[in-house]
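Q: sharing a model that was predicted from the sequence below.
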Amino acid sequence: MRPAKIIRDSIHGDVFLTETEVKIIDTPEFQRLRRIKQLGMSYLVYPGANHTRFEHSIGALHLAGRLCNKLRISNEETKLVRFAALLHDIGHGPLSHTSEELLERYLGQSHEEITTKIIKNQNISYLLEIEDINPKEICKIIKGERGYLSKIISSDFDVDRMDFLVRDAHHTGVAYGIIDLDRLINTLTIHKNSLAVTERGLRAVEALLLARFLMTPTVYLHHTSRIADAMFLRAIEIAIKEGMLDCNEFYRMDDYDIYNFLRKANGYVGEIGRRFDRRELFKKAYVKSWNELSEDVKKSIPRLRKNIEKWRRIEDEMARDLGIEEGYVLLDIPEIPTYKIEAVMVKDNQEYSIEEASPIIKILNEAQKEQWNMAVYTSKENLDRVKNLEVEDYLE
């Protein structure tokens, strides 16, 4: 593939693009990614975290090309994988993962499903078809239906993860995301229609998984970001329920659109928007780790996460019991993390589970729930009242 353009990337240096890749990047659907922050609300914690899905997607394409070259994948399959890497995030809503659960709840679609719908639309599908590429084949790779080609895009050590860990560490200034991309790419191999790592690459895989483990509490689940996310989700839910915002329009919005909507809205929704402008976030009034919870509450957590209506009723009940306005007591229950590794290591034509080969991964599996905690947030003026709340009584 002869390059038509060279882009200078802050992480990877020169990125070479074909003519069709440039045309896809120049579509309105892809340009929208310039206006969607990679880390959502994390810029409120790390001032440098203003990088976007746009440069991440180009970085993923670059790494996909490198990995395909190392694996000696055919030119035709390399084309498919590069396009899939470039387009894999095109369906993200405003503020990236911050809005993802809202889209799933109200549209019944993940960002991957929205991505495939956008790829099949007229603009992008037309450009792919000029290259004699069926857009459905790109969608199959993104949805995980094309064996090792899909694993390059989405797996335990995919190009998506390789790029965002290094890029997020660079822009936040957090050193935990530094991994040896060269070693990792050069020690990956195709095994049983999937991706595996050779024994020489085990340390590089450990470094990637350790980076993810350390970046999770430091960046991805930083308490200030979680507070902002909880405020955003509650405000958007109310806006949708009250008919102020159409969810079918919401997923097409970018960060600028949604902030403009929030600051112009009335009532609670507008108040949250103005709080973001002034960085007047709620405060943490209550926090408990997984090991501090009773067994009954631990059992109720997964069920409660699936029942958002009950979750909101609990928040409102806590607020009423304290004489606080609804919406100003927010219960944050993150997804329980898992570090189960499906990929394998190959040595002397024998396969071994990564967990079996690496004591470090075993330790990460044991330590993962230590990162998890449940919290309640409220406005500064209500902090003392909420601190005395027996939160677990509402959850059992």
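A: Yep, that arrived.

Q: can you map out the helices along the stretch 51-200 of the chain?
A: Ranges of helices within the stretch 51-200 of the chain are 53-71, 75-87, 100-107, 111-119, 122-130, 135-142, 147-153, 159-172, 181-186, based on DSSP state H, counting those that start in this stretch.

Q: between helix 159-172 and the longest one, find me the angle.
A: Spelled out, that is helix 53-71. For helix 53-71 against helix 159-172, the angle by axes from the mean of the first three to the mean of the last three Cα atoms, to 10 degrees is 130 degrees.

Q: now swap in the third one and tell me
A: Using the same axes, to 10 degrees, one finds that helix 100-107 and helix 159-172 are set 130 degrees apart in direction.

Q: just how off-centre is helix 100-107 within its chain?
A: 14 Å (Cα atoms, centre = their mean, to the nearest Å).

Q: same question for the second one.
A: Using Cα atoms, centre = their mean, we find the averaged C-alpha position of helix 75-87 to lie 21 Å away from the chain's own average C-alpha position.

Q: same for it, what does it pack against?
A: Helices and strands touching helix 75-87, as assessed by 3 or more Cβ pairs under 8 Å, 6 or more residues apart in numbering; DSSP states H and E, comprise helix 19-25, helix 53-71, helix 111-119, helix 135-142, helix 147-153. For glycine as for every other residue, the C-beta is placed from the backbone atoms N, C-alpha and C.

Q: render the CA-only coordinates of stretch 96-111 in CSV, please.
A: Listed next in CSV are the C-alpha coordinates belonging to stretch 96-111 (Å, rounded to 0.1, in the frame of the first residue of the first chain):
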residue,chain,number,x,y,z
SER,A,96,-16.5,8.5,25.1
HIS,A,97,-17.1,5.8,27.8
THR,A,98,-18.9,8.3,30.0
SER,A,99,-22.0,8.1,27.8
GLU,A,100,-21.7,4.4,26.8
GLU,A,101,-24.0,3.0,29.4
LEU,A,102,-26.7,5.5,28.5
LEU,A,103,-26.6,4.5,24.9
GLU,A,104,-26.9,0.9,25.8
ARG,A,105,-29.8,1.6,28.1
TYR,A,106,-31.8,3.8,25.9
LEU,A,107,-30.9,2.7,22.4
GLY,A,108,-30.2,-1.0,23.3
GLN,A,109,-26.9,-0.7,21.4
SER,A,110,-23.3,-0.7,22.4
HIS,A,111,-20.8,1.7,20.8
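
Q: quick one: residues in contact with it.
A: Contacts with stretch 96-111, where a contact means Cβ atoms under 8 Å, 6 or more residues apart in numbering, come from 36-41, 53, 89, 91-93, 114, 117, 229, 232-233, 236-237, 240, 247-248, 250-251, 258, 308.

Q: just checking, which of those residues belong to helices?
A: Within the contacts of stretch 96-111, residues falling in helices by DSSP state H are 53, 114, 117, 229, 232-233, 236-237, 240, 247-248, 250, 258, 308.

Q: reformat these as CSV; add neighbour count and distance to Arg385.
A: Putting the ones in helices among the contacts of stretch 96-111 into CSV (neighbours: other Cβ atoms under 10 Å; distance: Cβ to Cβ, whole Å) gives the following:
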residue, neighbour count, distance to Arg385
Arg53, 23, 40
Ile114, 20, 41
Lys117, 14, 46
Asp229, 22, 23
Phe232, 23, 23
Leu233, 18, 23
Ile236, 26, 26
Glu237, 18, 24
Ile240, 17, 29
Cys247, 15, 34
Asn248, 9, 39
Phe250, 21, 33
Ile258, 23, 31
Ile308, 14, 25
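
Q: what's the closest of the residues you listed to Met318?
A: Proximity of these to Met318 was ranked by Cβ to Cβ; the top entry is Ile308 with 15.8 Å.

Q: mind listing what's buried in stretch 321-341?
A: Ile324, Gly327, Tyr328, Val329, Leu330, Leu331, Asp332, Ile333, Pro334, Pro337, Tyr339, Ile341 (16 or more other Cβ atoms under 10 Å).

Q: take those and keep only those in helices.
A: Where those are compared with helices, as defined by DSSP H, there is no overlap at all.

Q: name the nearest of the ones in helices among the contacts of stretch 96-111 relative to Leu80.
A: Within these, the smallest distance to Leu80 is 18.6 Å, found for Lys117 (Cβ to Cβ).

Q: give me the pLDDT for that closest one.
A: Predicted confidence (pLDDT) at Lys117: the value is 92.

Q: on that earlier part again, between the helices of the stretch 51-200 of the chain, which one is closest to Ala319.
A: helix 100-107 (21.1 Å).

Q: picking that back up, what's the lowest-pLDDT member of the buried residues of stretch 321-341?
A: Lowest pLDDT among those: Tyr339, 61.

Q: start and end of stretch 284-298, how far apart?
A: End-to-end distance for stretch 284-298: 21 Å, by Cα to Cα, to the nearest Å.

Q: and that stretch, what's buried?
A: When burial is assessed from 16+ other Cβ under 10 Å, stretch 284-298 yields the following buried residues: Lys284, Ala285, Tyr286, Lys288, Trp290, Leu293, Val297.

Q: export those residues to TSV and tack on pLDDT?
A: Formatted as TSV, the entries for the buried residues of stretch 284-298 read as follows, by pLDDT from 0 to 100:
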residue	pLDDT
Lys284	96
Ala285	96
Tyr286	95
Lys288	93
Trp290	89
Leu293	90
Val297	91
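
Q: can you tell me which of the residues you listed is nearest Tyr268?
A: For the buried residues of stretch 284-298, the residue nearest Tyr268 by Cβ to Cβ is Ala285; the value is 18.6 Å.

Q: need the phi and psi values for the closest one.
A: In terms of degrees, to the nearest 10, the main-chain angles of Ala285 are phi -100, psi -20.

Q: that one against Lys387, yeah?
A: Yes. Counting by Cβ atoms under 8 Å, Ala285 does reach Lys387; the two are 5.1 Å apart.

Q: which of the helices of the stretch 51-200 of the chain sits closest to Arg200?
A: Comparison of the helices of the stretch 51-200 of the chain against Arg200 by Cβ to Cβ identifies helix 181-186 as nearest, at 8.0 Å.
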